[in-house]
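[1] Give me coordinates for this.
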Amino acid sequence: MSQNQNILNPHNWTSTYADELFGYAMSKTGKTELAEDLVQETFLGALKAIPNFKEQCSERTWLFTILKFKISDHYRKASNKYEVNNSTFSFEDSSAIDDYFTDEGEWDKENVPKSWGMDASVAIENKELANALNFCIDKLPENQKQLILLKMVEEEETEKVCKELNISTTNYWVIIHRAKLQLRACLEKNWFKL
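    The predicted model follows:
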């Protein structure tokens, strides 16, 4: 038995780390089945990588690093399948993105964002608003959801988001713009009912 196997204890990984890894994966994906799959892939990947373990970090840190790579790989593959064009973008009521703006790029008078009639700092503390926002984020297409979670929730830098999702800066701005419009429409429909 090698020294690496004495330091790493694969027999105890599920009992020691599975719940914590699953919680992290859920926070990144929001999908139980996907989070479970990613944790399983992490354990399998770690088993294959035992000979490469350099003892420069703890077993827990090493497993979390593998999980983070598995999550990044999942979203990188998903983003490679996505093409930015209006045919992949739609609201539930089939409105097109162009309906919000005039030919000059200004807000269409009927679609100018309305005041939500509340102080944003107070509203964020409102549990019902948080639930509505989570509901609306969950309804976004997967690439938009991940981008919003990374940029708005985790407050990652734009460059890091682009690198993690394997998208260009131009693609980033298109996706985030569309995601914000969809979130706005969803919140107005399901929360504010203006």
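
[2] Now the spatially most central residue of the chain: closest residue in space that isn't a chain neighbour?
    By CA atoms, centre = their mean, the chain has its centre lying nearest to residue 146, at 2.4 Å. Take residue 146 and drop its neighbours on the chain: the residue closest to it by CB to CB, 6 or more residues apart in numbering is residue 75, 5.2 Å away. Where C-beta positions appear, they are placed from N, C-alpha and C, glycine not excepted.

[3] and the gap between that neighbour and residue 10?
    Distance, residue 75 to residue 10, using CB to CB, to the nearest Å: 27 Å.

[4] ok, the two, which is more surrounded?
    residue 75 (21 against 12; other CB atoms under 10 Å).

[5] is it true that the more buried one touches residue 164?
    Yes. In this structure, residue 75 is within contact of residue 164 by CB atoms under 8 Å, at 6.9 Å.

[6] before we move on, back to that, does the residue nearest to the centre of the chain fall in a helix, a strand, or a coil region?
    helix (DSSP: H, G, I helix; E, B strand; the rest coil).

[7] Report the contact partners of residue 45.
    By CB atoms under 8 Å, 6 or more residues apart in numbering, the residues touching residue 45 are 66, 69-70.

[8] do that again at 10 Å, thanks
    The contact partners of residue 45, taken as CB atoms under 10 Å, 6 or more residues apart in numbering, are 63, 66-67, 69-70, 73.

[9] Dihedrals phi and psi, it?
    Main-chain torsions, residue 45, degrees, to the nearest 10: phi -60, psi -40.

[10] any idea how far it lies from residue 74?
    Between residue 45 and residue 74 the computed distance is 12 Å (CB to CB).

[11] now residue 139
    20 Å.

[12] Over to residue 167?
    Taken as CB to CB, the span from residue 167 to residue 74 is 15 Å.

[13] how's the protein carved up into domains?
    The record's domain split for the chain, according to automatic domain parsing, is 3-80, 86-192.

[14] The helix ranked longest in the chain: which residues count as buried?
    Longest helix in the chain by number of residues (criterion: DSSP state H): helix 59-80. Buried residues in helix 59-80, defined by neighbour count with 16 or more other CB atoms under 10 Å: 59, 62-64, 66-68, 70-71, 74-75, 79.

[15] As CSV, those residues with pLDDT and distance to residue 28 would be great.
    Shown next, in CSV, are these (pLDDT from 0 to 100; distance: CB to CB, whole Å):
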residue, pLDDT, distance to residue 28
59, 87, 21
62, 87, 18
63, 90, 15
64, 86, 11
66, 89, 14
67, 89, 9
68, 86, 8
70, 86, 10
71, 84, 5
74, 81, 9
75, 75, 9
79, 59, 14
